[in-house]
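*Asks:* this is the structure alone, sequence omitted:
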Ligand SMILES: Cc1ncc(COP(=O)(O)O)c(C=O)c1O
């Protein structure tokens, strides 16, 4: 078939020239020619910053310039970059057992990690299903919830989710996330969910009650990001509301899925947002900080009751889900080392960050462009006045301004937030607020 037979097919731009990779000393040119970056409009963004090493709160670019990572590189880096204790655990494990199929086989790092996680999670959760990232942790939770009912012969296939939620980029995770610019191109392939209002805007408890009255018998699960709608705008909501959602779902036997991919491991203050709110979900999703930011790993934790609906001599009741790298031993060892660091004076550091946020935000609060300043544990956020939403350009200017001054920020549209690694010092936090203040004064 010739190209002319597809008049509406893809534009036939010539392929960029191939490079003899081994001969090219400038690897950034290879990146420009051959790499496709996430959440990046290659037709409008500046070239990516080449990073050659990292330590503590800092990334170092190719010229050795330090860049303070005020967002923990998409919220994954917990204790600081290249933390020697985690680096050591990774190196040690890599030399012993780097990978093994996790169906029909097991290993000590996974078993110990599961037990160590459960020691720290709300009592009642008892089974850990490993996967690769936050989106897969959510996929597993949603699939588990749906099959839980099917395995028991009950026709419940409706999932409820919150407006302004973000649960990831795979199809199931997109389906339960808010619909918008991220999901627009895929809307035909997403399943319908019962959408409940954003708890920061409307009475979500009353809305759930209404849904239960109308379609409670169909409802398999409710998925929420406890206390913090993250990528949907860093919207902080109340523990009391979460408790009410738990009460109603429990009354009607609906499973509650807590997506703690962002909020886990101390981000909101307590080790887990659910634990702080004294809520025990039926399923809980973890990733991001799980390995301290070293390696991709996801976990979906469930109660024994959920697990029991799958355990059976009937093979059709199996949870048919798994990834090649499920429970990778190196990732599990990194996670164990990160958990140990969380026990080691980490709470005091998180409290110090929260205090520093409060004083930093207080400095900005008088500025007319700063709206809805908010703090939740190690997260601080505010909205920039003007156009709202992810496509607003307001934050992009601040992002460039900060980067020129050696600070990594990545606002979500007009929502500016800080979510630093726990090793950050008070002076460094104040330095970030100074840069923001300067931006506000100059713009
Ligand atoms: C609450 C929440 N769930 C799920 C995800 C998806 O995680 P990942 O990017 O690792 O797939 C994210 C990512 O930002 C998140 O914040």
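*Replies:* Received it, and whenever you're ready, just let me know what you need. Remember, it's a predicted structure, so these values are computed and weren't measured experimentally.

*Asks:* over to residue 384: give its phi and psi.
*Replies:* phi -90, psi 130 (degrees, to the nearest 10).

*Asks:* for the remainder of this discussion, apply numbering that starts at 477.
*Replies:* Understood, numbering begins at 477; the last thing we discussed is residue 860.

*Asks:* for the nearest residue to residue 598 once chain neighbours are set aside, report the pLDDT, please.
*Replies:* Taking C-beta to C-beta, 6 or more residues apart in numbering, and ignoring the residues beside it in sequence, residue 598 has residue 756 as its nearest neighbour in space, at 4.4 Å. (Each C-beta comes from the backbone N, C-alpha and C, glycine too.) Model confidence at residue 756, expressed as pLDDT, equals 98.

*Asks:* ok, residue 599 next?
*Replies:* At residue 599, the pLDDT recorded in the model is 96.

*Asks:* pretty sure it is touching residue 755, no?
*Replies:* No - shown here, residue 599 and residue 755 do not form a contact pair, counting by C-beta atoms under 8 Å, at 11.7 Å.

*Asks:* what parts of the stretch 727-876 of the chain come near the ligand?
*Replies:* With the criterion set to C-beta under 6 Å from any ligand atom, the stretch 727-876 of the chain comes near the ligand through 735, 737, 738, 763.

*Asks:* any low-confidence regions in this structure?
*Replies:* Applying pLDDT under 70 to the chain flags residues 477-500.

*Asks:* mind doing that once more with 90?
*Replies:* Applying pLDDT under 90 to the chain flags the ranges 477-502, 631, 820, 841, 862-870, 919.

*Asks:* residue in it nearest to the ligand?
*Replies:* When distances are taken as C-beta to the nearest ligand atom, the chain reaches nearest to the ligand at residue 610, 2.1 Å away.

*Asks:* got the contact list for residue 770?
*Replies:* 562, 563, 566, 807, 810, 814 (C-beta atoms under 8 Å, 6 or more residues apart in numbering).

*Asks:* most widely separated two among those residues?
*Replies:* 563 and 807 (13.6 Å; C-beta to C-beta).

*Asks:* show me which of the two is the more surrounded one.
*Replies:* residue 807 (26 against 15; other C-beta atoms under 10 Å).

*Asks:* tell me if I'm right that the more buried one and residue 775 touch.
*Replies:* No - Residue 807 lies out of contact with residue 775 (C-beta under 8 Å); the separation is 10.3 Å.

*Asks:* neighbour-wise, which of residue 599 and residue 755 wins?
*Replies:* Higher neighbour count among residue 599 and residue 755: residue 755, with 24 against 9, using other C-beta under 10 Å.

*Asks:* am I right that that one falls within a strand?
*Replies:* No - read with DSSP: H, G, I helix; E, B strand; the rest coil, residue 755 is coil and lies in no strand.

*Asks:* check contacts around it.
*Replies:* 598, 702, 715, 718, 719, 722, 732, 734.

*Asks:* surely residue 699 meets residue 634?
*Replies:* No - applying C-beta under 8 Å as the test, residue 699 and residue 634 come out as separate, 11.7 Å apart.

*Asks:* who's more crowded, those two?
*Replies:* Per other C-beta under 10 Å, whichever of residue 699 and residue 634 has more neighbours is residue 699, with 26 against 20.

*Asks:* using the three-state scheme, assign that one.
*Replies:* Secondary structure for residue 699, judged by three-state DSSP, is strand.

*Asks:* if I look at residue 811, how far off is residue 586?
*Replies:* Distance, residue 811 to residue 586, using C-beta to C-beta, to the nearest Å: 9 Å.

*Asks:* those two: which has the busier surroundings?
*Replies:* A count of neighbours by other C-beta under 10 Å puts residue 811 above the other of residue 811 and residue 586, at 29 against 24.

*Asks:* for the more buried one, helix, strand, or coil?
*Replies:* Assignment for residue 811 (three-state DSSP): helix.

*Asks:* check contacts around the closest residue to it other than its chain neighbours.
*Replies:* Among residues not flanking residue 811 along the chain, residue 767 sits closest, at 4.7 Å (C-beta to C-beta, 6+ apart). Applying C-beta under 8 Å, 6+ apart, we find residue 767 in contact with 552, 562, 773, 807, 810, 811, 814.

*Asks:* with residue 793 instead?
*Replies:* Residue 793 touches 623, 627, 785, 786, 787, counting by C-beta under 8 Å, 6+ apart.

*Asks:* could I get those as CSV with secondary structure and neighbour count?
*Replies:* Output for these, formatted as CSV (DSSP: H, G, I helix; E, B strand; the rest coil; neighbours: other C-beta atoms under 10 Å):
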residue, secondary structure, neighbour count
623, helix, 19
627, helix, 20
785, coil, 17
786, coil, 16
787, coil, 12
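
*Asks:* redo these as TSV? Include distance to residue 544.
*Replies:* As requested, the contacts of residue 793 are exported to TSV (distance: C-beta to C-beta, whole Å):
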residue	distance to residue 544
623	45
627	49
785	47
786	46
787	48
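
*Asks:* give me the neighbour count for residue 789.
*Replies:* For residue 789, using other C-beta under 10 Å, the count is 5.

*Asks:* need the three-state assignment for it.
*Replies:* coil.

*Asks:* ok, now the one 3 residues further on?
*Replies:* When states are read from three-state DSSP, the local structure at residue 792 comes out as helix.

*Asks:* would residue 690 count as being in a strand?
*Replies:* No - secondary structure of residue 690 (three-state DSSP): helix, not part of a strand.

*Asks:* how far away is it from residue 670?
*Replies:* 9 Å.

*Asks:* and the two? which has more neighbours close in?
*Replies:* Taking other C-beta under 10 Å, residue 690 and residue 670 do not tie; residue 670 has more neighbours (17 against 11).

*Asks:* what sits against that one?
*Replies:* 634, 635, 636, 637, 687, 691, 695.
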